[in-house]
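Asker: Take this sequence and fold it.
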Amino acid sequence: MNKIFNLTLLAFLFGTNIFAKTPPPKPVLPIPTASQLAWQKLEYYAFVHFGMNTFTDHEWGEGRAPATDFFPTDFNAKQWAKSVKDAGMKGIIITAKHHDGFCLWNSKTTEYSVKNSKWRDGKGDVLKDLSEACKTYGLKFGIYISPWDRNHPLYGTPKYNAVYKEQWRELLTNYGEVFEAWLDGANDGKRRMVYDFNGFWNTIRGIQPNAIMFSDAGPDIRWVGNEKGIAGETNWSNRDNEGTFPGFADEPALNVGEENGNSWIPAECDVSIRPGWFYHKEEDAKVKSVQQLMNIYLGSVGRNCNLLLNIGADRRGLINENDIARLNEFKAARENAFKINLAKGKITTSNIRGNDKSFSVDKLLDNNFDTYWATDDNVKSAEITLDFGKETEFNTLLLQENIALGQRVKKFSIQIWNGKEFETISQNTTIGYKRILRFPKVKTDKVKVIIEDAKACLTISTLEIYNAEF
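Answerer: Next up is the predicted model:
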């Protein structure tokens, strides 16, 4: 049994290449946990802002509106889940409590919740309905509760930390598996609260150890540093987190990570499909265009991040028709852009690890993230040449590193054959889990990817090429 277990563990860390005659590359620390790697593969999921602000037409409520103001006339969590699933998203993170302190579940920690609304005679539970709807549609379920609470009488005192932990206990105990626990460092400017963040992390980890924990600076995933949905062209999943905390808002640091950071804390890009985060009727005509959403996708998923796209449910308790239409158009645009992979033909390289077929360059084209091309230990730069066999037009190139072994590539370029020589059309830095490059359309019969510098030997799992209309 121990031998089988060890082989299974090694297979997870190193992919199918474990069975190669040549030993696989050693990991370059830090590396992702199993939960972090599974999270990264989700790529794209929804934030849903819904609560008291929906009915008061605010973004940051003050916690003074009566609980009876919360009254969705046609709440339907299955409509949310179906809309998200149809849009190609992998999960939903719900604002279970925003800064106003109103709870979308019947919390024992406060009277400011759905239990004192007129919705379903005070017996409704948004979290229960949504968690069940996510299960029905095969979606991951995540939760955000703001640490700032503008209603709770204990806020601003040390006793409030126990209240907030208890709210997490309620949510993580009663609604099934939570894939992401989301909190920020929001704080009252007048009643400054000293948060027990370590206690918050311990509470969450103790109940649901596989839940990924987000805050501005981690501990499991970090904010990208802006609400535009755009990461830096250089983006390391590594961070040195000493001295940082939830509420840490240094965009230059968060946007690019740190090449030699000692912790694996990849970035998440949060951005709203509308100007605001909560639903406002006057924004029905201000939903982001497909072009804007495609640019965000390329700047987030295409730069080693996950995309958390916000949708504000309306006063009916439904995802609005305007948002649904745009989400579906965005999905169609992505599917069209990445429909036909042109990366076919004869592929060669300057180095293969141990000349072992298990690490051969054709692993880049096998549509399997867990297999990868690797170089010898001392080879930190190498070339990959793809001969299409005929003149081919394209404008998009996608690369993936096998990040289970750590992020390595520091600098790479793309070249095309112009009939006389190879000329450079794109110069870049990091790859990470996924890098999508877009450039003016070119025609050539050969393309070359040159890895110019890396932290260690190369482990590249995917090469895809498209002629996309963006």
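Asker: center of the protein, which residue is that?
Answerer: The centre of the chain sits closest to Asn306, judged by C-alpha atoms, centre = their mean, with a distance of 2.1 Å.
Asker: That residue reaches Asp270, doesn't it?
Answerer: No: the pair Asn306 / Asp270 is not scored as a contact, 9.6 Å apart, by C-beta atoms under 8 Å. From N, CA and C alone the C-beta is placed, and that goes for glycine too.
Asker: buried stuff in the helix or strand hosting Leu308?
Answerer: Assessed by DSSP states H and E, Leu308 sits inside strand 305-312. Neighbour-count burial for strand 305-312, counted by 16 or more other C-beta atoms under 10 Å, picks out 305-312.
Asker: would you turn those residues into TSV with distance to Lys446 and pLDDT?
Answerer: Formatted as TSV, those follow (distance: C-beta to C-beta, whole Å; pLDDT from 0 to 100):
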residue	distance to Lys446	pLDDT
Cys305	31	98
Asn306	34	98
Leu307	33	98
Leu308	39	98
Leu309	37	98
Asn310	43	98
Ile311	44	98
Gly312	48	98
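Asker: Asn378: which of those residues is nearest?
Answerer: Closest approach between the buried residues of strand 305-312 and Asn378, by C-beta to C-beta: Cys305, at 31.3 Å.
Asker: wait, what's in contact with the closest one?
Answerer: 224, 231, 235, 266-269 (C-beta atoms under 8 Å, 6 or more residues apart in numbering).
Asker: Now, of these, which are buried?
Answerer: The neighbour count (16+ other C-beta under 10 Å) marks 224, 231, 235, 266-269 as buried among the contacts of Cys305.
Asker: Restricted to helices, list these.
Answerer: Counting by DSSP state H, no part of these is found in helices.
Asker: For those residues, name the two members farthest from one another.
Answerer: Among these, Asn235 and Glu268 lie farthest apart (C-beta to C-beta), at 11.6 Å.
Asker: per-residue pLDDT, Thr16?
Answerer: We have a pLDDT of 48 for Thr16.
Asker: try Lys190
Answerer: 80.
Asker: Helix, strand, or coil at it?
Answerer: coil (DSSP: H, G, I helix; E, B strand; the rest coil).
Asker: Also the one 5 residues further on?
Answerer: Taken by three-state DSSP, the conformation at Tyr195 corresponds to coil.
Asker: Spatially nearest residue to it, not counting backbone neighbours?
Answerer: Pro147 (5.5 Å; C-beta to C-beta, 6 or more residues apart in numbering).
Asker: and that neighbour, helix, strand or coil?
Answerer: coil.
Asker: before we move on, the earlier item: please enumerate residues in contact with the helix or strand that comes right after the strand holding Leu308?
Answerer: The first helix or strand that comes after strand 305-312 along the chain, using DSSP H and E, is helix 321-337. With contact meaning C-beta under 8 Å, 6+ apart, helix 321-337 is reached by 83, 86-89, 273-274, 284-285, 287-290, 293-294, 297, 311-312, 396, 466, 468-470.
Asker: Columns distance to Tyr372 on top of the buried ones among the contacts of Cys305, output as CSV?
Answerer: What follows is the buried ones among the contacts of Cys305, written out as CSV (distance: C-beta to C-beta, whole Å):
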residue, distance to Tyr372
Val224, 26
Ala231, 23
Asn235, 20
Pro266, 19
Ala267, 23
Glu268, 25
Cys269, 26
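Asker: check contacts around Trp60.
Answerer: 53, 98-100.
Asker: among those residues, which two are most distant?
Answerer: Asn53 and His99 (8.8 Å).
Asker: which neighbours do these two share?
Answerer: Joint contacts of Asn53 and His99 (C-beta under 8 Å, 6+ apart) are 60-61.
Asker: ok so, going back, dump the buried ones among the contacts of Cys305 to JSON lines, plus distance to Leu130 and pLDDT.
Answerer: JSON lines is the format used below for the buried ones among the contacts of Cys305 (distance: C-beta to C-beta, whole Å; pLDDT from 0 to 100):
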{"residue": "Val224", "distance to Leu130": "25", "pLDDT": "96"}
{"residue": "Ala231", "distance to Leu130": "28", "pLDDT": "98"}
{"residue": "Asn235", "distance to Leu130": "31", "pLDDT": "98"}
{"residue": "Pro266", "distance to Leu130": "26", "pLDDT": "98"}
{"residue": "Ala267", "distance to Leu130": "26", "pLDDT": "98"}
{"residue": "Glu268", "distance to Leu130": "20", "pLDDT": "98"}
{"residue": "Cys269", "distance to Leu130": "23", "pLDDT": "98"}
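Asker: coming back round to it: direction included, what does the strand holding Leu308 pair up with?
Answerer: strand 44-49 (parallel), strand 267-272 (parallel) (DSSP bridges).
Asker: Out of these, flag the one nearest Val28.
Answerer: Nearest of the strands paired with strand 305-312 to Val28, taken as C-beta to C-beta: strand 267-272 at 18.8 Å.
Asker: Could you pull up the residues touching Glu452?
Answerer: Counting by C-beta under 8 Å, 6+ apart, Glu452 has contacts 381, 410-413.
Asker: Can you say which of the residues you listed are buried?
Answerer: Applying 16+ other C-beta under 10 Å to these flags 381, 410, 412-413 as buried.
Asker: JSON lines please, covering these and showing secondary structure and pLDDT.
Answerer: Output for these, formatted as JSON lines (DSSP: H, G, I helix; E, B strand; the rest coil; pLDDT from 0 to 100):
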{"residue": "Ser381", "secondary structure": "coil", "pLDDT": "98"}
{"residue": "Lys410", "secondary structure": "strand", "pLDDT": "98"}
{"residue": "Phe412", "secondary structure": "strand", "pLDDT": "98"}
{"residue": "Ser413", "secondary structure": "strand", "pLDDT": "98"}
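Asker: And those residues, which two are furthest apart?
Answerer: Using C-beta to C-beta, the pair of the buried ones among the contacts of Glu452 lying farthest apart is Lys410 and Ser413, separated by 12.0 Å.
Asker: how far away is Thr375 from Leu130?
Answerer: Distance, Thr375 to Leu130, by C-beta to C-beta, to the nearest Å: 47 Å.
Asker: Can you tell me the element Pro252 falls in?
Answerer: Per DSSP H and E: helix 251-256 holds Pro252.
Asker: And for the helix or strand following that helix, what's in contact with it?
Answerer: Sequence-wise, the next helix or strand downstream of helix 251-256 (DSSP H and E) is strand 263-264. If you take C-beta under 8 Å, 6+ apart as the criterion, strand 263-264 is touched by 30-33, 36, 218-219, 237-241.
Asker: Stretch 180-190 too?
Answerer: With C-beta under 8 Å, 6+ apart as the criterion, stretch 180-190 contacts 39, 91, 93, 99, 140, 142-148, 150, 155-156, 168, 172, 193, 195, 200, 204, 208, 211-216, 221, 223, 245-248.
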